[in-house]
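A.B. asks: no FASTA, just this:
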C-alpha cells in the first residue's frame, strides 16, 4: 500500500480527549472512508469508518504517547499522520472553569 503525498484531510496533531479529522479533498466527499490508529510499535489501537466532511474521535481511553493515524479509501492508504496523545486536558478545563 503506497502512501500518497497529497493531503486529503487535516488531522489534530495534539490530542487530549478528542481527535478531529476534516476531509479537505473534494474527491473524497460522500465516500465511506476507513481509518486506523497505530502505536509507534505498529500495534493496532483502533479502527473504524465514517462518511462526511468531519469526524470527532474520542481518544481519552488511550495512553499518553505518539501514534499514527492512517486514512483509507477502498483499502488503499491515502494519508498517514503522526499525532501526540496527551493526558489532563479535561482536568485543566475543569480547573480553569472553577476559578
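C.D. replies: Sure thing, it's come through. As the structure is a computational prediction, the values presented were derived from the model and not from experiment. Numbering: from 1, shown residues only.
A.B. asks: rest of the way, CA atoms for contacts and neighbours
C.D. replies: Fine.
A.B. asks: ok, now which ones touch residue 85?
C.D. replies: Contacts for residue 85 (C-alpha atoms under 8 Å, 6 or more residues apart in numbering) come out as 14, 15, 16, 62, 63, 64, 65, 66, 67.
A.B. asks: okay, and for the chain, where does confidence drop off?
C.D. replies: 1-6, 88-99 (pLDDT under 70).
A.B. asks: if you set the cut-off to 50 instead, what comes out?
C.D. replies: Applying pLDDT under 50 to the chain picks out residues 1-5, 91-99.
A.B. asks: For stretch 23-34, buried residues please.
C.D. replies: 23, 28, 33, 34 (16 or more other C-alpha atoms under 10 Å).
A.B. asks: Turn those into a markdown table, including distance to residue 54 and secondary structure.
C.D. replies: Listed next are the buried residues of stretch 23-34 as a markdown table, based on distance: C-alpha to C-alpha, whole Å; DSSP: H, G, I helix; E, B strand; the rest coil:
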| residue | distance to residue 54 | secondary structure |
| --- | --- | --- |
| 23 | 6 | strand |
| 28 | 12 | helix |
| 33 | 11 | strand |
| 34 | 13 | strand |
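A.B. asks: Go through the contacts of residue 85 and name the one nearest residue 76.
C.D. replies: Nearest to residue 76 out of those is residue 67 (C-alpha to C-alpha; 19.6 Å).
A.B. asks: how close does the residue lying closest to the closest one once chain neighbours are set aside get to residue 23?
C.D. replies: Closest residue to residue 67 apart from its sequence neighbours, by C-alpha to C-alpha, 6 or more residues apart in numbering: residue 39 at 4.6 Å. Using C-alpha to C-alpha, to the nearest Å, residue 39 is found at 23 Å from residue 23.
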